[in-house]
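A.B. asks: This is a predicted model, with the sequence first.
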Amino acid sequence: MEFEIRTDLYKREKYLDKIRGFYHECEIIKVLTGVRRCGKSSIMNLIAGELTESGVKKENILYFNLDKKPYDKITTADALDAVIMENGKAAGTKYLFIDEIQNVKGFERVINAWREEGDFSIFITGSNSYLLSGDLVTKLTGRYIEWNILPLTFEEYLRVKEFFGKQVSPDGMTELRNYIYEGGFPYVVRLNSMNDKRRYVQSLIEEIYEKDIKKRVKIRNRAAFDSIMRYVVNNFGSTTSIQNIVDDFAKNGSPIKRETVTRYINALVSAKILMPCDRFDMKSRRSLSGEKKYYLSDLSFYYALNTDNRIHFGPVLENIVYTYAESLEYSVSVGRIGKLECDFILRDNEMNYSYVQVAYTILESSETEDREYHALESITGDNYPRYLLTTDAFLQKRNGIVHANLIDFIREGRKF
């Protein structure tokens with residue numbers, strides 16, 4: 001089947017820019033992971049489109065979406081190998097795109113064999129982290145690069161609304177609230193009613209369970225799994241430990257084993273619903289085991305699972321900053337400074353650090369202002385930048401800390 005370029009896709013430049021340098025690399029397998037429906041397939045289509053526009057012949061582009069006909073019946077390594085063999089006969093470099101490759105059992109052997117041919121530039125996507133476990137890591141160590149694709153961050157959300165001709169309010173706070181309630185799944189932006197948007201995300205959660213969790217993890221008690229999912233989703237942005245969850249369920253008369261909680265949470269992380277954020281002790285410069293925070297790959301998961309429409313700005317704004325930093329490829333952890341906590345420590349690929357505190361406002365009182373600044377002011381021993389992000393319109397300077405409006409900071413695509 002000949003590849004067709006789509007013209008109705010928004011170019012997610014923040015990801016395309018990272019991948020372009022590897023378009024023609026046949027030694028390196030390009031792996032796009034991310035929660036289901038976050039836009040991986042669209043990015044693959046855009047890459048194939050850019051290759052076509054640069055002069056690559058269509059017969060040199062092999063594009064197989066294993067979730068769609070006519071390739072949805074390809075579930076074995078031999079069947080995958082056969083369809084590549086049948087379509088990959090053009091001269092010169094072939095560009096092989098395989099969407100949702102985890103549908104094929106034993107795909108690792110096939111992908112590695114075609115990489116060894118030397119004239120295939122290979123791109124694959126998968127909706128869970130099992131894709132990068134086991135045989136793939138063993139066989140391809142140093143021979144693949146992974147990009148974790150996220151749902152739309154706030155600044156992408158605004159651009160995608162404009163791209164699809166949706167009205168964008170000039171008031172940043174109004175659009176921030178819209179983003180919080182709607183989330184960042186690209187298809188959601190195209191829907192008009194909030195009811196339709198919520199129904200879409202609810203159906204997506206069920207799809208993730210059926211395709212990315214149930215097939216990989218033994219779930220003996222669906223009700224218990226749903227309870228654990230709701231518990232962690234409802235407590236996103238809070239420090240959480242497995243033992244605390246076990247204790248809370250026991251207090252409520254619903255005892256559950258520690259290993260079961262661990263397995264279910266790992267399944268939610270692997271399916272990319274949850275994103276774990278480790279705690280880091282800034283005095284010892286070591287990660288703290290046991291306790292961590294979990295953020296949501298998309299805020300719509302919270303509102304799809306709850307009837308509560310209130311915005312709890314503390315964890316919500318943290319979540320927005322967390323996913324934004326992740327989309328810029330920062331390594332993110334929560335910092336502990338004695339009894340104080342810095343919301344985020346960010347490290348870039350050049351081993352530079354920055355420190356970020358997030359709050360809705362510091363204008364309520366001098367006590368609020370002192371509390372938010374105190375953690376950053378307690379960081380000593382280096383000259384890395386420190387940021388306080390709030391929704392305040394009036395900004396100030398204090399001890400070299402950058403106080404920035406969170407909405408403007410992200411909308412402008414600024415780096416830390």
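C.D. replies: Yep, it's here.
A.B. asks: Okay, now the unreliable bits of the chain?
C.D. replies: For the chain, the stretches with pLDDT under 70 are 1-3, 129-130, 132-137, 139-141, 283-289.
A.B. asks: tell me the secondary structure for the residue nearest the centre of it?
C.D. replies: Central residue of the chain (Cα atoms, centre = their mean): residue 150, 3.4 Å from the mean position. Of the three states, residue 150 takes coil according to DSSP: H, G, I helix; E, B strand; the rest coil.
A.B. asks: If we go by neighbour counts, what in stretch 356-374 is buried?
C.D. replies: 356-360, 362, 369, 372-373 (16 or more other Cβ atoms under 10 Å). Any C-beta I mention is one placed from the backbone N, CA and C, and that applies to glycine too.
A.B. asks: Save the residues you listed as TSV, and put in distance to residue 223 and secondary structure too.
C.D. replies: Shown next, in TSV, are the buried residues of stretch 356-374 (distance: Cβ to Cβ, whole Å; DSSP: H, G, I helix; E, B strand; the rest coil):
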residue	distance to residue 223	secondary structure
356	38	strand
357	39	strand
358	35	strand
359	37	coil
360	35	coil
362	43	coil
369	45	helix
372	40	helix
373	45	helix
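A.B. asks: Now do the SS call for residue 246.
C.D. replies: Classification of residue 246 using three-state DSSP returns helix.
A.B. asks: Hmm, it is touching residue 256, no?
C.D. replies: Yes. With contact defined as Cβ atoms under 8 Å, residue 246 counts as touching residue 256 (6.4 Å).
A.B. asks: For residue 86, see how far away residue 115 is.
C.D. replies: For residue 115, the distance to residue 86 equals 18 Å [Cβ to Cβ, to the nearest Å].
A.B. asks: neighbour count winner among these two?
C.D. replies: residue 115 (20 against 9; other Cβ atoms under 10 Å).
A.B. asks: quick check, that one in a strand?
C.D. replies: No. Counting by three-state DSSP, residue 115 falls outside a strand, being helix.
A.B. asks: thinking it is in contact with residue 143, fair?
C.D. replies: Yes. Taking Cβ under 8 Å as the definition, residue 115 is a contact partner of residue 143 at 6.9 Å.
A.B. asks: residues in contact with residue 217?
C.D. replies: Counting by Cβ atoms under 8 Å, 6 or more residues apart in numbering, residue 217 touches 263-264, 266-267.
A.B. asks: Residues touching the helix or strand where residue 204 lies, excluding its own?
C.D. replies: Residue 204 is part of helix 194-208, with elements assigned from DSSP states H and E. Contacts with helix 194-208, where a contact means Cβ under 8 Å, 6+ apart, come from 35-37, 127, 181-183, 185, 187-188, 191, 271, 273, 298, 300-301, 303-305.
A.B. asks: from those, which ones fall inside helices?
C.D. replies: Judged by DSSP state H, the contacts of helix 194-208 include 181-182, 187-188, 300-301, 303-304 as members of helices.
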